[in-house]
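>>> Using only what follows, build the 3D model:
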Amino acid sequence: MSRKPEILAVVGPTACGKTRRAVQIAEALDGEVISGDSRQVYRGMDIGTGKDLCEYGNVKYHLIDIADAGDKYNLHRFLTDFHSSKKQIESKGKFPVLCGGTGMYVEAALSGLVMPEVGRNESLRVSLAEKSLEELTEILENYKTLHNTTDVDTRERALRAIEIQQYYAEHPEEAENADRGTARPLRSLVIGLDIPRDERREKISTRLDARLKEGMIDEIRSLITGGVKPEDLIYYGLEYKFVTLHVIGQLSYQEMRRQLEIAIHQFAKRQMTWWRGMEKRGIPIHWLPYDMDDGKFIERIGELILQCQK
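As a prediction, the model looks like this:
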């Protein structure tokens, strides 16, 4: 007999209303929301990341405004913070609701991954100091199969990847929890918000204009004035990349808006590709219409929870 899910997640492409639905579910289940968004962690980056804090009402949220703008938050830190927040919520007898558009973060959390803190291995780095990127790539391939090239974009990335793999080789018990194939997945119920492509595109464009009018350019100008380097903002991509390029004079307003709109549409497509891939990798998603009546939506969530317990 199945047991009640230990966490519920709300996923979907940008502009489909994930925050509002996650808050509705949290209210219905006496829960709290954990953000699974890689950019909402940054303080001062409010309009561009769409925090929409007013939507939470009395529902407590986690993993928003926990890092300084300009910082390089990553998957390891997210998983550490996620597990800490989940335990904190459960200790109060509340139910955790994960809300996010960053597929890598959400899937890693639901897969039960726990990544250990791996420090610098100075002796290893010294031994590899004269190696080329090609040689480092070959060494890394002896540790694991490279499914993508992000680990070997630069020498520093390759060195860090080898450092981590060497740590795992020396600590196999920790490597198990960092490998999705051996980690214990959470008992999760994942709700996907299904929005037709044309409606998604319209909402993205409308929301972009609203954010620009709301002061997104001034927000980014203020961050730069406050000491955040333009290149650090560009690193975050999307709104922060193109608006920053406009603020520093490299793009006109019209060209900034045009390129940004295209980039957000492409991002939404990549999100959907991730969610479909997540389903193929063994995490089922129950897709519900994004504009479903509120009452029927919560009623359907209750039915799905009961089905999990049968």
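
>>> From Glu173, how far out is Arg43?
36 Å (Cβ to Cβ, to the nearest Å). Using the backbone N, CA and C atoms, a C-beta is placed for each residue, glycine as well.

>>> Between the two, which has more neighbouring residues?
Higher neighbour count among Arg43 and Glu173: Arg43, with 13 against 8, using other Cβ atoms under 10 Å.

>>> Identify the residues contacting the more buried one.
By Cβ atoms under 8 Å, 6 or more residues apart in numbering, the contact list for Arg43 reads Asp65, Ile66, Ala67, Asp68, Ala69.

>>> what about Glu27, which helix or strand?
helix 18-29 (DSSP states H and E).

>>> From the contact counts, what lies against that helix?
strand 7-11, strand 31-35, strand 95-99, strand 188-194, helix 294-308 (3 or more Cβ pairs under 8 Å, 6 or more residues apart in numbering; DSSP states H and E).

>>> I'd like the ones you listed laid out as TSV, including mean pLDDT and mean neighbour count.
As requested, those are exported to TSV (pLDDT from 0 to 100; neighbours: other Cβ atoms under 10 Å):
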stretch	mean pLDDT	mean neighbour count
strand 7-11	98	26
strand 31-35	98	25
strand 95-99	98	25
strand 188-194	98	22
helix 294-308	96	14
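
>>> so which of the ones you listed comes closest to Leu53?
strand 31-35 (10.6 Å; Cβ to Cβ).

>>> Pull up the pairing partners for that closest one, direction included.
According to DSSP bridges, strand 31-35 has the following sheet partners: strand 61-62 (parallel), strand 95-99 (parallel).

>>> Work out the gap between stretch 72-83 and the centre of the chain.
Centre-to-centre, stretch 72-83 and its host chain are 10 Å apart (Cα atoms, centre = their mean, to the nearest Å).

>>> what's the average pLDDT for it?
Averaging pLDDT along stretch 72-83 gives 92.

>>> what's in contact with it?
34, 36, 38, 41-42, 62-63, 66-67, 98, 104-105, 108-109, 113-115, 117, 235.

>>> Stretch 52-70 too?
Against stretch 52-70 from outside (Cβ under 8 Å, 6+ apart): 19-20, 23, 26-27, 31-37, 40-46, 51, 73, 77-78, 81-82, 85, 88-89, 223, 227-229, 232-233.

>>> Which ones among the contacts of Arg43 map onto strands?
Ala67, Asp68 (DSSP state E).

>>> tell me the angle the helix holding Glu27 makes with strand 7-11.
150 degrees (axes from the mean of the first three to the mean of the last three Cα atoms, to 10 degrees).

>>> which stretches of the stretch 51-200 of the chain have low pLDDT?
Applying pLDDT under 70 to the stretch 51-200 of the chain flags residues 146-151, 177, 180-181.
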